[in-house]
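Trainee: make a model of this:
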Amino acid sequence: MASPTTTLFLSLILLNLSQTLAQAPAPASAACNGVFLTYTYTSGEIIPPILRPNPSNQSYRFESSLTILNNDLVELKSWRVFVGFQHDEYLVSASNAVLFDGNSIPGSVANGSVFAGFPNPDLKTGIETAGDLTQMSVRVGLVGTQFGVGPRSVPMPSNISLVNDGWVCTRPTMEGNRTMEVCCTRDLSFRSNVTVDDEFLPRQNGDLTIMYDVTRTYESNYWAQVTIENHNPLGRLDNWQLSWDWMEDEFIFAMRGAYPSIVDTSPCVFGRQGQYYQSLDFSTALNCDRRPTIIDLPLEMTNNTNLGMIPFCCRNGTILPPEMDPSKSKSAFQINVFKMPPNLNRSDLTPPQNWGIRGRLNPDYKCGPPIRVSPTQFPDPSQQLPGTAAMASWQVVCNITQPKGASPRCCVSFSAYYNESIIPCPTCACGCPSSTDRTCSSTSPALYLPSQALLVPFDNRTTLARAWADLHHFPVPNPLPCSDNCGVSLNWHLFTDYRGGWSARITIFNWDETAFVDWFTAIELERAGPGFEAVYSFNGSAMNLNGINNTIFMQGLPGLNYLVAETDGANPQRDPRVPGKQQSVISFTKRLTPGINVAGGDGFPSKVYFNGEECSLPDILPTSNSYRVGSSIFLSLVIVFTVFMFLKQ
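Mentor: Numbers count the residues shown, from 1 in each chain. Down below sits the predicted model:
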């Protein structure tokens, strides 16, 4: 038994300790009645190769963590956090998260990136979990490579913030030199125009949406329907290719309405799948890639009883804008997915991540992660019985983006009645190979051309371009400018200009090896667009984009909507190849656009789209101080003679 002196001494120690603890500062997260974010740099070390002469390119391994804690009164659904990486980071792994833009890991995050929660995207509140931090917070472990940060520096991001709608974050603060913190709270002025379900997030709007609906589920596999739907008036996909990442070693056993681009089950036979499903016949399975690529089936497979018979399937990968044909603005297929342990449960359903979709000469799309939404309702085909609901539904939203450094795939040349030179597509408008510097110049402006050169492939234009330059005393660089390298080019020709109106002629050239079915083009005229009257050889109409009536939408007439591919000339041994070509005249009135200067620039488009892809435009406009039309006959004779002399030489 302790003596009274000892007891008194211990009591004093405990009293002093309790007072000390009471005076200790509370953690910063306790003062945040919102979502508290923490980024902590853990460690870093130099990795080979060692570049002593060039330390700015030296690579270093880094390890860090990102913590998201929900201290708010409402559940945080599908959290998304931006990390402003600024040291050319290359991310190798991330636990409990995926990249929101659909890119796969490993991958570059040099310009900063948004992370989204996976496999648990939601963070519950302390009230509904009795303060259980395992349900209120998540820790994302990051491992990657940084460049040029120095052996003793502590490389931190420029910013961290919660990017969910309706949240605002204060300026991040540093706790020491290795931890960045920020508190984000709900924006009381934010008003959503959708009703939020207590269980599911509302469906979002986007240029393109993809629904992943599980329709039948079993212990080891399930059937899902994938529906791709276009919502952008100028968006489009041709020969679409859809890809995603399986996160739990799933594999594709069967499909209807679409097919993998590669049928290969060897990764399953020699992997975990083959060890578990020893009695399964993998020769009838379709694909075991971690990131498969799915392609649409041709039209003739629509009524195939084994692979077709799915509404909106089998259109050879074409998805049109809803303005062209609403019935052709979506595509659908069904997929049979086999799961792996420990996910063998009817209700254990995990959608694939990192979705991506692309087409041929179409816009670039960036897709977000799949978001759980209310189950999709499928109507009864006979319309006699109630519809059925999906077991579970996820929505993927994709938006048109312009990747950094990406080149267009089409270009535009300008010409006018008052100038006989064609202002061609810019040099390397659609990109140039890096090895062309010795044979052509990627920086010199393209040479002006005579009108007949538009029908000649670039490789055969040299003689015409040189002759035209000599005739008009235009400078000719050495080496000559590179080509535009575009599969499709358009010529916009200012045809007439008079007191009451004006007209233009548009010509579309297909230099590609493949024809374009159901093609369309859209022309934006900033000031002259409201004066549009008619298109005479195409089906054309005015389009209201973003509340502005300045865009003309044109497509081929029924039976004439096929822009053929480049073909051989009449005599392939002598004549150059001939592009597919379609042409029309467009008329405008000045009654609705008083004061416009057609020749001064208002008659030339500010933007041109072909099949949804924005085309490259010339930097200059035709001027009226060059040769005029009155000398056209003489010029034609002179240039024919000049070309003849070049060919003789």
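Trainee: CA atoms for contacts and neighbours, from now on please.
Mentor: Will do.
Trainee: okay, which residue is most central for the protein?
Mentor: residue 365 (1.9 Å; C-alpha atoms, centre = their mean).
Trainee: where does the stretch 51-200 of the chain have low pLDDT?
Mentor: For the stretch 51-200 of the chain, applying pLDDT under 70 flags the ranges 151, 191-198.
Trainee: could you redo the last one with a cut-off of 80?
Mentor: Per-residue confidence for the stretch 51-200 of the chain (pLDDT under 80) gives these ranges: 52-56, 150-152, 190-199.
Trainee: how about the strands in it?
Mentor: Assigned by DSSP state E, counting those that start in this stretch, the strands in the stretch 51-200 of the chain fall at 59-70, 80-83, 90-94, 97-99, 107-108, 113-117, 137-147, 160-162, 167-169, 173-175, 179-186.
Trainee: what is the last one packed up against?
Mentor: The contact analysis (3 or more C-alpha pairs under 8 Å, 6 or more residues apart in numbering; DSSP states H and E) places strand 179-186 against strand 35-46, strand 160-162, strand 167-169, strand 173-175.
Trainee: give me whichever of the ones you listed is most buried.
Mentor: Highest mean neighbour count among these (mean count of other C-alpha atoms under 10 Å): strand 160-162, with a mean of 25.
Trainee: residues touching residue 144, list them.
Mentor: Each residue near residue 144 by C-alpha atoms under 8 Å, 6 or more residues apart in numbering is listed here: 61-63, 89-93.
Trainee: switch to 6 Å and redo it
Mentor: 61-62, 90-92 (C-alpha atoms under 6 Å, 6 or more residues apart in numbering).
Trainee: same list, the residues you listed, but as a markdown table with distance to residue 466 please.
Mentor: Shown next, in a markdown table, are these (distance: C-alpha to C-alpha, whole Å):
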| residue | distance to residue 466 |
| --- | --- |
| 61 | 55 |
| 62 | 56 |
| 90 | 48 |
| 91 | 51 |
| 92 | 52 |
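Trainee: for these, which one is nearest residue 470?
Mentor: residue 90 (52.0 Å; C-alpha to C-alpha).
Trainee: so that closest one touches residue 106, yeah?
Mentor: No: with contact defined as C-alpha atoms under 6 Å, residue 90 does not reach residue 106; the gap is 7.2 Å.
Trainee: where does the protein have low pLDDT?
Mentor: 1-29, 52-56, 150-152, 190-199, 380-387, 402-406, 433-438, 545-547, 569-575, 624-649.
Trainee: if we go to 70?
Mentor: 1-27, 151, 191-198, 382-385, 435-438, 625-649.
Trainee: how about the helices and strands packed on strand 179-186, which one is nearest residue 614?
Mentor: Closest to residue 614 of those, according to C-alpha to C-alpha: strand 160-162, at 32.2 Å.
Trainee: quick one: residues in contact with the closest one.
Mentor: By C-alpha under 6 Å, 6+ apart, strand 160-162 touches 80-83.
Trainee: direction included, what does that strand pair against?
Mentor: strand 80-83 (antiparallel) (DSSP bridges).
Trainee: centre of the chain to the strand it pairs with, how far?
Mentor: 19 Å (C-alpha atoms, centre = their mean, to the nearest Å).
Trainee: same deal with stretch 454-466?
Mentor: 34 Å.
Trainee: over to stretch 493-513?
Mentor: Distance of stretch 493-513 from its chain centroid, counting by C-alpha atoms, centre = their mean, is 31 Å.
Trainee: adjust the sequence numbering to begin at 26 for everything that follows.
Mentor: Right, with 26 as the first residue, what we last looked at is stretch 518-538.
Trainee: burial measure for the spatially closest residue to residue 292 that is not a sequence neighbour, as a count.
Mentor: Counting by C-alpha to C-alpha, 6 or more residues apart in numbering, residue 313 is the residue found nearest to residue 292 once chain neighbours are left out, at 5.8 Å. If you count neighbours by other C-alpha atoms under 10 Å, residue 313 ends up with 24.
Trainee: and for residue 178?
Mentor: Neighbour number of residue 178 under other C-alpha under 10 Å is 10.
Trainee: quick one: closest of the helices and strands packed on strand 204-211 to residue 348.
Mentor: strand 192-194 (35.1 Å).
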